[in-house]
Structure formats: structure tokens, C-alpha cells
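Visitor: Below are the sequence and a predicted model for it; my questions follow.
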Amino acid sequence: MSGRNTALTPPADATAPVRHPDAPAPGELLGAHYEHCFGCGEDQPHGLHLESRAGEGVRVTAEFTVKTAHQGAPGLAHGGVLATALDETLGSLNWLLRVIAVTGRLETDYLRPVPVGTVLYLEAEVTAVAGRKIYSTAVGRIGGPEGPVAVRADALFIEVKVDHFIENGRPEEIRAAMAEPDQVRRARAFEVNP
Ligand SMILES: CCCCCCCC(=O)SCCNC(=O)CCNC(=O)[C@H](O)C(C)(C)COP(=O)(O)OP(=O)(O)OC[C@H]1O[C@@H](n2cnc3c(N)ncnc32)[C@H](O)[C@@H]1OP(=O)(O)O
């Protein structure tokens, strides 16, 4: 058996994901969880400024416009940036579960080149949960929300305690985030649901 698939295949005792009763309503924008986040933060000039929206069940949709700062080859998006867009979209699913989790494994397929100026339409969903392990999948389409799939990913997120960030993050940023007077913004910087 190849090790590649095993890690992203839920075990036999995995269960279906449960949307938290206080999760944002379908259609609601989730907003940035941290203003300096490279994926979604509004204070990152070259960041992706990805906007995620709650879907039905444990699903989200998101949009990301490829800018000149995101090139890998002339006029084309960098593959790592596209992986970031998938990772960020998948990460925003935690908000619907009300679980703090980080990416443990992200496996990405690149199916079509993505030119600068393209809007990438992303959809992600949690497929299964097994203890601290959250299995999810995402696609990114071009040419419209129903367009062809350009990128896709399967992921395993691992639930962690807030200490994961506090103990491992650089002290300057941890102090600044903890000093945020707005309780909701402070909690979301650490991906904690208030
Ligand atoms: C709204 C939010 C948006 C956020 C979007 C962006 C999300 C991110 O990019 S997060 C940043 C990138 N990720 C990280 O920095 C994580 C770094 N890694 C770590 O800190 C640790 O390895 C961590 C926390 C993932 C796991 O460590 P730890 O808590 O000790 O758990 P550990 O006991 O090793 O593993 C737990 C289970 O997960 C499994 N597992 C852990 N890592 C992997 C992996 N890479 N592949 C497969 N399985 C894994 C283990 O096999 C174990 O399974 P089982 O319970 O069946 O034995």
C-alpha cells in the first residue's frame, strides 16, 4: 500500500463532520481571521486577500484574484501561492466546526495553468472526522464558479489547543495579538471561536 494515500484516507471509525449550531449562516462572509494572515489578512499588501463564505453543511466557498505579485512564471500563478489559496480555504472550514486545527498534510494537484488576473473560485468541504484528525478536500475553478477545475487538494488538519500558537509563535506577534482590545478579533487571531 502506498503511504501517499493512507494518510488522507479516513480510518474505518471516522464519523461525518458536524456543523456547529452557532456556525455562520450559509452565504455569510467569514472575514479575515487575522489581519496579517498571508492568505486572508487585509494588512498584507501582497497577500491573497482571499474571501471565504460559509456554505451548507461543513462547506465553504472562496474567491482569490491572482495578482502580479503572485507569479511563478511570466503571467502565471505560482504553484505555492495556489496551494496557499487551497490551504486557506480548507482552514476556514474550522470556523464551521468551531475547532482549532492546523494543516498536517496538504496534497495538491495542478490540472490547468492559472494566468495572472484570473479569479480562482474555490470550494472546500470536510469529509470526515476521526478524533483530532479532520479530513477535507477542495477544488479551485477558473472561468467562473462552474468553470473547469484548475487545482484541487486533499488535506488532513489536526486539532490543537490554543497553546500551539502561544508557545510556538514569535513573542512580538503573540503579544500584539493578545493586546488586541476587540475580544472577537483577539480570539480569531488564534483561530479560536469566541
Ligand atoms: C481560519 C484559519 C485558516 C488557516 C489556514 C492555514 C492553515 C495552516 O497553514 S496552519 C500552518 C501549517 N501547519 C503547521 O504549522 C503545523 C505544524 N505541525 C505541528 O505542529 C504538529 O505536527 C501537529 C500539531 C500537526 C501534530 O502534532 P501532534 O499534536 O503532536 O499530533 P500527533 O500525535 O503527531 O498526530 C496526531 C495524529 O495526526 C496524524 N498526523 C499528524 N501529522 C500528520 C501528517 N503530516 N500526515 C498524516 N497524519 C498526520 C498522526 O499520525 C496522529 O494520528 P493517530 O491519532 O491516528 O495516531
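Guide: Arrived safely, thanks for sending.

Visitor: Which residue does this protein have closest to the ligand?
Guide: Per Cβ to the nearest ligand atom, residue 91 is where the chain lies closest to the ligand, at 2.4 Å. From N, CA and C alone the C-beta is placed, and that goes for glycine too.

Visitor: Thought residue 39 was touching that residue, still the case?
Guide: Yes: with contact defined as Cβ atoms under 8 Å, residue 91 reaches residue 39; the gap is 7.4 Å.

Visitor: ok, back up a step: need the contact list for the residue of the chain closest to the ligand.
Guide: For residue 91, the contact set (Cβ atoms under 8 Å, 6 or more residues apart in numbering) comprises 39, 101, 103, 157, 191.

Visitor: Filter the residues you listed down to just the ones in strands.
Guide: Of the contacts of residue 91, the ones assigned to strands by DSSP state E are 101, 103, 157.

Visitor: show me which of those residues neighbour the ligand.
Guide: residue 103 (Cβ under 6 Å from any ligand atom).

Visitor: which of the ones in strands among the contacts of residue 91 tops the neighbour count?
Guide: Among the ones in strands among the contacts of residue 91, residue 157 has the most neighbours (other Cβ atoms under 10 Å), with 26 neighbours.

Visitor: wouldn't that residue be in contact with residue 132 here?
Guide: No: between residue 157 and residue 132 there is no contact under Cβ under 8 Å: 9.0 Å.

Visitor: can you list residues touching both of the two?
Guide: Taking Cβ under 8 Å, 6+ apart as the contact criterion, the common neighbours of residue 157 and residue 132 are residue 101.

Visitor: what about the longest helix in this protein?
Guide: helix 79-91 (DSSP state H).

Visitor: outside of whatever helix or strand comes next after that helix, which residues touch it?
Guide: The helix or strand immediately downstream of helix 79-91 is helix 94-97, counting by DSSP states H and E. Residues outside helix 94-97 that contact it (Cβ under 8 Å, 6+ apart) are 17-20, 23-24, 30, 33, 54, 58-60, 100-101, 126, 129, 134, 157, 191, 193.
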